[in-house]
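Trainee: Okay, sequence plus prediction incoming.
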Amino acid sequence: MFNRERTRRHMTDGAFASPFPVEDPVALAALEVAQSGLAAAVRALADATVRTRVAAPDLAAVAEQVETLTARLLAEAQEGPLGLETDSAGRLRDHGNAMVGMRNPIAPPLVVTGDESGSTSCALTLGAGYEGPPGYVHGGIVAAVLDQVLGSVPAHLGLPGMTAYLNTTYRRPTPLGAPLHCRGWVERVDGWKVHARGEIRDAQDLVTAEAEALFVVPRWAREHLDRPTGDAAGTAPGGEAAQEPSAS
Ligand SMILES: CCCCCCCCCCCCCCCC(=O)SCCNC(=O)CCNC(=O)[C@H](O)C(C)(C)COP(=O)(O)OP(=O)(O)OC[C@H]1O[C@@H](n2cnc3c(N)ncnc32)[C@H](O)[C@@H]1OP(=O)(O)O
C-alpha cells in the first residue's frame, strides 16, 4: 500500500502516495481550495470570537447567523472523522488533523516540511485562541505542536508511527502572537521504532520548549510498509548518522 520509493517524490511534506486513483483531479483541486478557504474563514471567525468587544445584541445576532451557517454545512455531512483521504495530487492526507488538517479550523494549521534525513521544520504564529497562561501559549498546545513536528520525523523516513511517549520540557513561556519556529530531528531508528527530539524557539532564537519522543509503527500497519532498514546503533534508514541540526 505505502511505497517508500514512490513516497520520495513528495518527501518535503512527508505524505504518502495514495493507492487509490483520483477520478477528477481538477474538480478535486477546486474542492480543496473551497474547503481550505472555508476552514481559514472559520479560523478567523474563532479568533474574532475570542477577541471581539462588540455589544451583547451584536453577539446574539452573530450567533444566530453562525447557527444558520452551521445548519447549512450539516445539510450534507459525514457522520464521523475524516481519517485519510486521497488529495488531488494523489497523496494520502489527514485533512481533519487537529494540527495540520487543511479542512480543520481548529488547526493553526501547521505547514511541516522535512527531508529523508528525518529533519522537520515548521514556522508558526499562534493567536489568542491558543492561550494558556495570560499572554502565552497553552502548554498542551505546545506539546501538540511538538508532537506533530516530531511525529513528522518518522513519516519523512517512511515509517509513519504513533506517539508512544512525548516528554516535553518547558524552558520558558511560549509567546502568543509572535513568530515561532519548531524543529524535529531523528535521534535513533530501532526497527519500527523512531526516537526523535525537537524544540520550539521564539523570535529571539531562545528555546521555549523541547521534547524527546518515541514513535512506533503499530503492528497492524507494518504489513503495508517497507521493512525498516535502520538499526539500533543510531543510524537512520538512509544510512547516515543521526545528528541534531545546527542552530540557525
Ligand atoms: C499513514 C499515512 C499518513 C499520511 C500523512 C503523513 C503525515 C504523518 C505525520 C504524522 C504526525 C503525527 C503526529 C501526531 C501523532 C499522534 O498524535 S498519535 C496519537 C497518540 N498516540 C497513541 O494514541 C498511541 C497509543 N498506543 C498504541 O497504539 C500502541 O501502544 C503503539 C504505540 C502503537 C505500540 O503498540 P503495538 O503496535 O502493539 O506495538 P508493541 O508491541 O506494544 O510495541 C512495539 C515496540 O515499541 C515499544 N513501546 C511501545 N510503547 C512504548 C512506550 N510507551 N515506551 C517505550 N517503548 C514502547 C515496545 O516495547 C516494543 O519494543 P520492541 O519489543 O519491538 O523492541
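Mentor: Nice, thanks for sending it over. Numbering: from 1, shown residues only.

Trainee: Assign a three-state SS to residue 26, would you?
Mentor: Counting by DSSP: H, G, I helix; E, B strand; the rest coil, the backbone at residue 26 sits in helix.

Trainee: For this protein, give me the ranges with low pLDDT.
Mentor: Scanning the chain for pLDDT under 70 picks out 1-12, 229-248.

Trainee: Which secondary structure element is home to the residue in the chain positioned nearest to the ligand?
Mentor: Here the chain gets closest to the ligand at one residue, residue 151, 2.5 Å apart by Cβ to the nearest ligand atom. Quick note: C-beta positions are derived from backbone N, CA and C, even for glycine. In the assignment (DSSP states H and E), residue 151 maps to helix 139-156.

Trainee: quick one: the strands in the protein?
Mentor: Remark: strands assigned in the chain by DSSP state E are 85-86, 92-93, 113-114, 120-124, 162-170, 180-190, 193-201, 207-216.

Trainee: I'd like the ones you listed laid out as JSON lines, including mean neighbour count and distance to residue 135.
Mentor: Formatted as JSON lines, the strands of the chain follow (neighbours: other Cβ atoms under 10 Å; distance: least, Cβ to Cβ, whole Å):
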{"stretch": "strand 85-86", "mean neighbour count": "17", "distance to residue 135": "37"}
{"stretch": "strand 92-93", "mean neighbour count": "21", "distance to residue 135": "34"}
{"stretch": "strand 113-114", "mean neighbour count": "20", "distance to residue 135": "29"}
{"stretch": "strand 120-124", "mean neighbour count": "20", "distance to residue 135": "17"}
{"stretch": "strand 162-170", "mean neighbour count": "14", "distance to residue 135": "15"}
{"stretch": "strand 180-190", "mean neighbour count": "23", "distance to residue 135": "14"}
{"stretch": "strand 193-201", "mean neighbour count": "24", "distance to residue 135": "16"}
{"stretch": "strand 207-216", "mean neighbour count": "20", "distance to residue 135": "13"}
